[in-house]
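> no FASTA, just this:
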Ligand code: HEM
């Protein structure tokens, strides 16, 4: 489905939600899973054990053509595509590092990183690309520090991640990018096992790999997921947040006048943009009925987060960005056992980035007309490729 306006989901999604909120759709491979578009139904599918997120379950929908290529030949499944209890074994190894308390302790460091990249951008002559100078480097450096991935390799991991998230990449491209990242992270794991540092990969290598609780492949798969999810998502949310605030000067003024509103505004920005815009795949394990539709055991289901987050039954005037709205019911981070592990970190990064940009660059404005901004229509994570700004 194509978007008709760059900051709104495709209009077909709203039509489906109001006419037949659980409908069949046809995927690239001819399979016809169900598309779920209402927020309440989305919560049921994502939060209920009768639906599986395990890609090995027969009937699991392959949303992307190149996704086939992401299946590891050695059959190591990333924990984002596993069910309980197996899923919890891996997720629990990471929860401590991403708890709100831990992330709050990181806030001064995040602020320092945000200020550092902003200083560099402002020291150069305007205009600048806010994505390349600020929105992408901030979360890339934060996740690199947390994981113990050398930041000087950011060009390498950012470009491979671009290939993986590009909906138009061929299976060969995806396999190549995956193999390169696997080899890179495999070497890093070996190095950290020999000479541990004060970082997450070192700790997992020493405490879990050396003890046999994790295989090398599993540790590589976890690091891979954290590295990709940890930088692309927040980068795009940061750029889209700034863009939409610049386009809505009244909303921006509200936040500049009262920065205590920023945490609430971030929830609304997450809802409004819902950057994970291709559906979340699941498969039914039992028959489940939604109104007059029964999803049968073995049938694929795709949950559209953008449709759910614009559900008019849940949010009044949903296509309006309203930074004072109570938006905490939004599900941009998913819902249920797979709900985003990195959400406290993403929230902290977004709150700090938005607050700092508004405070430090009051004259910030777009350097090109909106029509010239390259939107990430062909990427699994929505956003902008570049955001030319001046001040
Ligand atoms: C899972 C969105 C930032 C790590 C998810 C899911 C969504 C999501 C929708 C659920 C996927 C599913 O159920 O199939 C976002 C958004 C972000 C963000 C919108 C930023 C604005 C991050 C960051 C990290 C991260 C910064 C890492 C540090 C993960 C992991 C999972 C996940 C590891 C899998 C959790 C599990 O399966 O138990 N994210 N994410 N995410 N996210 Fe995020």
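That came through fine. Everything numeric in this text was worked out from a predicted model, so none of it was measured.
> switch to C-alpha atoms for all contacts and neighbour counts from now on
OK.
> quick check, pLDDT for the residue nearest to residue 314 when sequence neighbours are not counted.
Beyond its immediate neighbours in the sequence, the residue positioned closest to residue 314 (C-alpha to C-alpha, 6 or more residues apart in numbering) is residue 39, lying 7.4 Å away. Residue 39 is assigned a predicted lDDT (pLDDT) of 98.
> surely residue 39 and residue 311 touch.
Yes. Using C-alpha atoms under 8 Å, residue 39 is in contact with residue 311, at 6.3 Å.
> who has more neighbours, those two?
It is residue 39, of residue 39 and residue 311, that has more neighbours when counted by other C-alpha atoms under 10 Å, with 26 against 22.
> give me the pLDDT for the residue of the stretch 1-150 of the chain found nearest the ligand.
Distances between the stretch 1-150 of the chain and the ligand by C-alpha to the nearest ligand atom are smallest at residue 80, namely 3.2 Å. As summarised for this prediction, residue 80 has a pLDDT of 95.
> next up, the contacts around it.
Contacts for residue 80 (C-alpha atoms under 8 Å, 6 or more residues apart in numbering) come out as 53, 87, 338.
> one more time with 7 Å, if that's ok
residue 338 (C-alpha atoms under 7 Å, 6 or more residues apart in numbering).
> that one in helix, strand or coil?
helix (DSSP: H, G, I helix; E, B strand; the rest coil).
> quick one: it from residue 208, how far?
19 Å (C-alpha to C-alpha, to the nearest Å).
> with residue 304 instead?
36 Å.
> more neighbours: these two, which one.
Neighbours of residue 304 and residue 208, each counted by other C-alpha under 10 Å, are more numerous for residue 304; the result is 23 against 16.
> check which helix or strand the residue nearest the centre of the chain maps to.
Against the mean C-alpha coordinate of the chain, by C-alpha atoms, centre = their mean, the closest residue is residue 233 at 3.8 Å. Secondary-structure element containing residue 233, defined by DSSP states H and E: helix 216-247.
> neighbouring contacts of whichever helix or strand comes after that helix?
Under the assignment DSSP H and E, the closest C-terminal helix or strand after helix 216-247 is helix 249-257. Applying C-alpha under 7 Å, 6+ apart, the set of residues contacting helix 249-257 from outside is 245, 246, 261, 262, 323, 358, 359.
> ok, now stretch 23-34?
By C-alpha under 7 Å, 6+ apart, stretch 23-34 touches 22, 35, 36, 61, 63, 65, 299, 300, 301, 302.
> give me every residue in the stretch 1-150 of the chain lying close to the ligand.
Where proximity means C-alpha under 6 Å from any ligand atom, the interface of the stretch 1-150 of the chain facing the ligand comprises 79, 80, 91.
> list phi and psi for the last one.
Going back to what we said before, that points to residue 91. Geometry field for residue 91 lists phi and psi as phi -60, psi -40, criterion degrees, to the nearest 10.
> check the gap between it and residue 193 for me.
In this structure, residue 91 and residue 193 are 21 Å apart, going by C-alpha to C-alpha.
> who's more crowded, those two?
Set side by side, residue 91 and residue 193 show unequal neighbour counts under other C-alpha under 10 Å, the larger going to residue 193 at 19 against 16.
> list the contacts of that one.
Contact analysis of residue 193 by C-alpha under 7 Å, 6+ apart lists 202, 205, 206.
> okay, now residue 294: neighbour count?
When neighbours are defined as other C-alpha under 10 Å, residue 294 has 12 of them.
> give me the sheet partners of the one helix or strand it maps to and which way each runs.
Applying DSSP H and E as the criterion places residue 294 in strand 293-295. Strands adjacent to strand 293-295 in the sheet, as given by DSSP bridges, are strand 288-290 (antiparallel).
> where's residue 263 relative to the ligand, distance?
According to C-alpha to the nearest ligand atom, to the nearest Å, residue 263 and the ligand sit 13 Å apart.
> report the inter-axis angle for the strand or helix carrying that residue versus helix 216-247.
Using DSSP H and E, residue 263 falls within helix 262-273. The directions of helix 262-273 and helix 216-247 differ by 100 degrees, with axes from the mean of the first three to the mean of the last three C-alpha atoms, to 10 degrees as the criterion.
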